[in-house]
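Asks: what's the 3D shape of this:
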Amino acid sequence: MSDTFIIKYDGGDADSHAIDMRLLGESLQGIDRLISDLLIIGVEQRLPKKGERAPLVVKAHEPQSGTVTIPVTIQEAAGLFQIGWQIFGPNGADALTTWFRGLLAYHTGKTSEAEQAMQHVANMAQRQADLFQQVEDHRHTEMMGMQALLMHHLPKTSAPMVQAVAPVGRTVKRLWFWAPKQERIEATERDAEIIRAKAELEWTDLTRLSLQTDGYVFHNRKLSVVHPFRTGFFNAEVENNPYAVAGAKKAMISVDAKLAYRAGDLERIVILNFGGEIGDAA
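Replies: Take a look at the predicted model:
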């Protein structure tokens, strides 16, 4: 099996046939994961496991001239799926395009539009199953629950959707996605802002950090620290007075903390244990 679709970035740097390489890489990785999720749900009739990828080869070809337009080919790894991409039959391109339309709708607050898209994808798979003789009876029955699986999985696609639109609003103005003879799905700068804002917080495990303090705010019990990963300052949430003393001296301290990221950016630091001051403040 092979199928082809187009990813296009335009506006901003893309008008000069350029794009930030790191953001482009994030975008392609996010799109790859979203395609994989659809295939696992459609073929295996279950939700993807954490970190799982469908046995597909998604190849990005040389960008076309003009903006940044990348033809992409999906090829099934032979023998690894019992039914494979054929679960959508000749409607594979339609299913993929509708899946992306539903994802964009869901993550920009258009829930009813997302539900209609998931129903359409499920109906296409069901129709193909009716014609595909190798489908076992129990699998045929389970097809009826595909829409429920798709809808249940949508909240879990937040991180790859954030990746998919990573260049939009930062180095380009729009992301387009389409398959031949299908409608074009457009993600605008406003869409990207909404998707990033709605992304769930992702917490790290308890981590030992060295932080440079810059003061203590008594009324909300927040410790001002130098941002640990980039220029600027950050208010960390703390529980007791040793931080006030250290903050007043702008001391370097050692702490045990949890970090929370939204769309890849550090949003919260919660300090749980005070490890002491580290030498003299710089």
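Asks: longest helix of this protein?
Replies: Counting residues, the longest helix found in the chain (DSSP state H) is helix 21-44.
Asks: tell me what that helix is packed against?
Replies: Judged by 3 or more Cβ pairs under 8 Å, 6 or more residues apart in numbering; DSSP states H and E, the packing partners of helix 21-44 are strand 2-10, strand 56-60, strand 68-76, helix 92-107, helix 111-131, helix 146-153, helix 158-164. From N, CA and C alone the C-beta is placed, and that goes for glycine too.
Asks: how about it as CSV, C-alpha atoms only?
Replies: Extracted in CSV, the C-alpha atoms of helix 21-44 (Å, rounded to 0.1, in the frame of the first residue of the first chain):
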residue,chain,number,x,y,z
MET,A,21,14.3,23.6,10.8
ARG,A,22,13.5,22.7,14.5
LEU,A,23,9.9,23.8,14.2
LEU,A,24,9.5,21.9,10.8
GLY,A,25,10.8,18.8,12.5
GLU,A,26,8.4,19.1,15.3
SER,A,27,5.5,19.6,12.9
LEU,A,28,6.4,16.5,10.8
GLN,A,29,6.8,14.4,13.9
GLY,A,30,3.4,15.5,15.2
ILE,A,31,1.7,14.7,11.9
ASP,A,32,3.4,11.3,11.8
ARG,A,33,2.0,10.5,15.2
LEU,A,34,-1.5,11.6,14.3
ILE,A,35,-1.5,9.4,11.2
SER,A,36,-0.2,6.5,13.3
ASP,A,37,-3.0,6.9,15.9
LEU,A,38,-5.7,6.8,13.2
LEU,A,39,-4.3,3.6,11.8
ILE,A,40,-4.0,1.8,15.1
ILE,A,41,-7.6,2.7,16.1
GLY,A,42,-8.9,1.8,12.6
VAL,A,43,-7.1,-1.4,12.2
GLU,A,44,-6.6,-2.8,15.7
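Asks: ok, and for that helix, which residues are buried?
Replies: Neighbour counts over helix 21-44 (16 or more other Cβ atoms under 10 Å) mark 23-24, 26-28, 30-44 as buried.
Asks: Output the below-cut-off pLDDT ranges for the protein.
Replies: 1-3, 55-67, 71-91, 127-144, 218-221, 239-241, 263, 280-282 (pLDDT under 70).
Asks: Recalculate using a threshold of 50.
Replies: Low-confidence segments of the chain, defined by pLDDT under 50: 1-2, 77-85, 133-143, 281-282.
Asks: tell me, what residue is most central in it?
Replies: Pro160 (1.7 Å; Cα atoms, centre = their mean).
Asks: gap between it and Leu206?
Replies: Computed as Cβ to Cβ, to the nearest Å, the Pro160 to Leu206 distance reads 26 Å.
Asks: repeat for Ile31
Replies: 33 Å.
Asks: Over to Leu103?
Replies: Distance from Leu103 to Leu206, by Cβ to Cβ: 33 Å.
Asks: Looking at the two, which has the bigger crowd around it?
Replies: Between Leu103 and Leu206, counting by other Cβ atoms under 10 Å, Leu103 is the more crowded of the two (27 against 12).
Asks: Name all residues that make contact with the more buried one.
Replies: 34, 114, 154, 157, 161 (Cβ atoms under 8 Å, 6 or more residues apart in numbering).
Asks: Select from these the one having the most neighbours.
Replies: Met161 (28 neighbours).
Asks: can you list the domains in the chain?
Replies: 2-198, 202-277 (automatic domain parsing).
Asks: my guess is the residue nearest to the centre of the chain contacts Ser36, does it?
Replies: No. Judged on Cβ atoms under 8 Å, Pro160 makes no contact with Ser36 at a distance of 9.0 Å.
Asks: tally of neighbours for Leu211?
Replies: Leu211: 23 surrounding residues under other Cβ under 10 Å.
Asks: Equivalent analysis for Val162, please.
Replies: 23.
Asks: ok, now which ones touch the nearest residue to Leu47 once chain neighbours are set aside?
Replies: Spatially, and ignoring its direct neighbours in sequence, Leu47 is nearest to His153 (5.6 Å; Cβ to Cβ, 6 or more residues apart in numbering). Listed by Cβ under 8 Å, 6+ apart, the contact set of His153 reads 37, 41, 47-48.
Asks: same deal with Gln116?
Replies: Gly102.
Asks: Against Glu200, how distant is it?
Replies: Gln116 is 24 Å from Glu200, by Cβ to Cβ.
Asks: cool, and Ala246?
Replies: The value you get for Ala246 to Glu200, if Cβ to Cβ is used, is 32 Å.
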